[in-house]
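Visitor: With the sequence up front, the predicted model follows.
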Amino acid sequence: MGRENPSDGKEEEEEDVGFEELGLDPRLTRALSKKGIAKATPIQREAIPLILEGKDVIARAKTGSGKTFAYLLPVLQKLFSESGSGKSAPSVFVLVPTRELCQQVYLEASSLLEFCRVQLRVVQLTASMPIMDMRTALSGPPDIVVSTPASISTCIAKGALQTSSIKDSLSMLVLDEADLLLSYGYEDDLKSIVAHVPRRCQCLLMSATSSSAVEKLKKLVLHNPVILTLSEVGQSKDDIIPKNVQQFSILCSDRDKLLHLLALLKLELVQKKVLIFVNSIDNGFRIRLFLEQFGIRSSVLNAELPQNSRLHILEEFNAGLFDYLIATDDSQRKGKEQTLKENKMSSKKSKRQLRQKIDVEFGVVRGIDFKNVFTVINFDMPQGPAGYVHRIGRTGRAFNTGVSVSLVSPAEEGILEEVKSMFGDGDNEELSNCIVPFPLLTKNAVESLRYRAEDVAKGVTKIAVRESRAQDLRNEILNSEKLKAHFEDNPKDLDLLKHDKLLSKKAPPSHLREVPEYLVDLTTKEASKILKLTRAAMGIKASKKRPGFRRGLGRSRDPLKTFSAEPRRKGRKGGNKRKESYDEGKKKKKKKET
Ligand SMILES: Nc1ncnc2c1ncn2[C@@H]1O[C@H](COP(=O)(O)OP(=O)(O)OP(=O)(O)O)[C@@H](O)[C@H]1O
């Protein structure tokens, strides 16, 4: 990590730093340890002391690197020592681009405050709130407001927030996911807010990428900020994908994607929790209907669902109430436009320039903290490299490890190549091999499930998909109001509704729940057994209890790194390198084919 100002150009070494060493209040460090968080991530190590010093800071760090605590902890600490009495407006505005993020930050702040037992109040404002509710939320006033820029500017326009009070009271302004704020169309709102932000107000800008939007916001809001950024930005795949995510691909026809997905899940070749990305809402329902016939319950998350339902689905998934979530990435339209542009320009663009596309494309899932996702599956490939990065950034968060598996049809191979070229050019073998063929799934294993999969897939017709989609939407809309009222009274109650209920009219046949012994080949059995043993060794019983993997521990025991599709030879010890396994697997496959 490096700073642009002051420019010392110094590379930070990876080290374990506890939060107390960063000058944090013991109440906050205790709160963190109650949450099981002991050491700071690199961005936290850098940003927290600077923010405590009162500097304006721009922090750019990759997905899942812990940017929220990087600003939230010092913000809270500063409020501990600030006297709130006599204030007529909030002390802190945290501005985020979406309702989901608003809820996420609000919950993080509330839970820290609860652990700290301090008398500070945090509220969230969202566009769907009637102005009366906004007025009520702002009465007091609260210490922190988490909001989209639009809601704050509505409050200003309707007199629920007095501009003179903002000038007197506001001491900190945070722009979270700053690179998205402008693309969500908040430029005018931001301008109208910034006009009332006092000069002495400390401003923080957090972002996963650098982009022209960040530059624009920097000029609009910050004063001589310290810029924290990865010193090696643009130099390697590690700038954008956390090191602890292993990336795999499976080449298969479009028609065989359901079959391969079934094999991955049913033969337990990937670890839970699993986030499956698709490019269309219909595809999400198709997968859900298909999987439920095999006894695999999942839920869908898409932009069509009412906000309350979406928040509830996220809460349930994060709480571990179900293991499989199928998310429709809503960046498709934008992504397509972008891809068209990219295609036109790609012949002229160098690979280095390609990397910068990350700044432009994003999805509904952008910035959302899906907890304990171990595996991300791209059932459909995203439209471009940026979508890929943000999708797989949903695993391997903070100090956890993760895996991504992309199902790539012949038509999508171009995108895979584009993604690979973004990571590094062909002459750097290590980098260009960052997405390797998935080693655990043999042809036999796939073929053993073909008959069942194709039979069930036939029943998942377009009409069945449309009916389920309409039915699900009707249910969610009906439930949405109930949920809203319920959450207000019982914010922690997650059991009101289950989002992975059966969609099919008929109960799934019981014989499809289990894969009979005779259908599973030995190699696959071995792979699945190793994964189960690994889970057991790590103390993972259900997804709810999956603790974060410690970096070193997770790596040495990771079966994807040590497993080879070859039957085990006597006397051979585990621990062979991943690359070796693939090579052995490849050689063996070639032999078989010849
Ligand atoms: N020091 C830490 N140790 C362990 N876990 C942490 C630490 N800091 C944050 N986390 C956890 O890591 C996850 C990711 O954090 P966060 O959402 O802040 O990442 P982010 O950098 O904002 O990612 P994105 O750019 O995708 O929004 C969260 O679940 C958070 O609770």
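Guide: Okay, I see it. Remember, predicted model here, so these are calculated numbers, not experimental data.

Visitor: CA only for contacts and neighbour counts going forward, please
Guide: Noted.

Visitor: In contact with the residue positioned nearest the centre of the chain, which residues?
Guide: Of all residues in the chain, the one closest to the mean position by CA atoms, centre = their mean is Arg394, 2.9 Å from it. Contacts for Arg394 (CA atoms under 8 Å, 6 or more residues apart in numbering) come out as Thr63, Gly64, Ile368, Asp369, Phe370, Val373, Val376.

Visitor: gap between the third one and Ile48?
Guide: As for Ile368, its distance to Ile48 is 22 Å (criterion: CA to CA, to the nearest Å).

Visitor: again with the second one
Guide: Computed as CA to CA, the Gly64 to Ile48 distance reads 17 Å.

Visitor: When Ile368 and Ile48 are compared, which one has more neighbours?
Guide: Ile48 (23 against 17; other CA atoms under 10 Å).

Visitor: So, low pLDDT: which residues of the stretch 401-550 of the chain?
Guide: Counting by pLDDT under 70, the ranges of the stretch 401-550 of the chain that qualify are 424-433, 478, 480-505, 530-550.

Visitor: Show me how far the host helix or strand of Ser406 is from its chain's centre.
Guide: Here Ser406 sits within strand 402-408, counting by DSSP states H and E. Mean C-alpha position of strand 402-408 versus that of the full chain (CA atoms, centre = their mean, to the nearest Å) differs by 14 Å.

Visitor: didn't Ser153 look like it was pressed against Val194?
Guide: No: Ser153 is beyond contact range of Val194, at 9.9 Å (criterion: CA atoms under 8 Å).

Visitor: higher neighbour count, these two?
Guide: Counted by other CA under 10 Å, Ser153 and Val194 do not tie: Ser153 has more neighbours, with 22 against 15.

Visitor: What parts of this protein come near the ligand?
Guide: Residues of the chain lying close to the ligand (CA under 6 Å from any ligand atom) are 37, 39-41, 62-69, 208, 367-369, 371, 397-399.

Visitor: Produce a PyMOL select command limited to the buried residues of the residues you listed.
Guide: Buried residues among the residues of the chain next to the ligand (16 or more other CA atoms under 10 Å), as a PyMOL selection:
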select buried, resi 39+40+41+62+63+64+65+66+67+68+69+208+367+368+369+371+397+398+399
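
Visitor: Inside helices: which ones of the residues of the chain next to the ligand?
Guide: Cross-referencing these against helices under DSSP state H gives Lys67, Thr68, Phe69.

Visitor: Show me which of these is closest to Asp25.
Guide: Phe69 (13.7 Å; CA to CA).

Visitor: Retrieve the pLDDT associated with the closest one.
Guide: Listed pLDDT for Phe69 reads 96.

Visitor: my guess is it meets Gln44, correct?
Guide: Yes: contact criterion CA under 8 Å: Phe69 and Gln44 qualify, at 7.1 Å.

Visitor: Arg450 versus Val456, what's the distance?
Guide: Taken as CA to CA, the span from Val456 to Arg450 is 10 Å.

Visitor: could you dump the ones in helices among the residues of the chain next to the ligand to JSON lines with distance to His223?
Guide: Listed next are those as JSON lines, based on distance: CA to CA, whole Å:
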{"residue": "Lys67", "distance to His223": "20"}
{"residue": "Thr68", "distance to His223": "21"}
{"residue": "Phe69", "distance to His223": "22"}
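
Visitor: show me what contacts the closest residue to Val245 other than its chain neighbours?
Guide: Leaving aside its chain neighbours, Val245 sits nearest to Gly402 (4.6 Å; criterion: CA to CA, 6 or more residues apart in numbering). Going by CA under 8 Å, 6+ apart, Gly402 touches Asn244, Val245, Gln246, Val373, Phe374, Thr375, Val376, Thr395, Gly396.

Visitor: so what's the last one up against?
Guide: Shown in contact with Gly396 (CA under 8 Å, 6+ apart): Gly64, Pro242, Asn244, Val245, Val373, Phe374, Gly402, Val403.

Visitor: what does the second one give?
Guide: Contacts of Val245 were listed using CA under 8 Å, 6+ apart, and they are Ile392, Thr395, Gly396, Thr401, Gly402, Val403, Ser404.

Visitor: Including distance to Pro439, could those residues go into JSON lines?
Guide: Listed next are those as JSON lines, based on distance: CA to CA, whole Å:
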{"residue": "Ile392", "distance to Pro439": "19"}
{"residue": "Thr395", "distance to Pro439": "19"}
{"residue": "Gly396", "distance to Pro439": "20"}
{"residue": "Thr401", "distance to Pro439": "18"}
{"residue": "Gly402", "distance to Pro439": "15"}
{"residue": "Val403", "distance to Pro439": "12"}
{"residue": "Ser404", "distance to Pro439": "12"}
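
Visitor: Please list only the buried members of those residues.
Guide: Ile392, Thr395, Gly396, Thr401, Gly402, Val403, Ser404.

Visitor: Give me the pLDDT for the third one.
Guide: If I follow you right, that is Gly396. So Gly396 comes in at 82 (pLDDT).

Visitor: State the pLDDT value of the residue nearest to Glu476 when sequence neighbours are not counted.
Guide: Excluding the flanking residues, the one nearest Glu476 by CA to CA, 6+ apart is Ser309, at 6.2 Å. Among the per-residue scores, Ser309 holds a pLDDT of 79.

Visitor: residues touching the residue in the stretch 251-400 of the chain positioned nearest to the ligand, list them.
Guide: Across the stretch 251-400 of the chain, no residue is closer to the ligand than Gly367, which sits at 3.3 Å (CA to the nearest ligand atom). Contact partners of Gly367, counting by CA under 8 Å, 6+ apart, are Thr63, Leu101, Glu177.

Visitor: and the one helix or strand Leu113 maps to, what other elements does it pack with?
Guide: Using DSSP H and E, Leu113 falls within helix 99-116. Judged by 3 or more CA pairs under 8 Å, 6 or more residues apart in numbering; DSSP states H and E, the packing partners of helix 99-116 are helix 26-34, strand 122-125, strand 144-147, helix 307-318.

Visitor: Quick check: which of the ones you listed is buried the most?
Guide: Compared across these, strand 144-147 shows the largest average neighbour count, a mean of 26 (mean count of other CA atoms under 10 Å).
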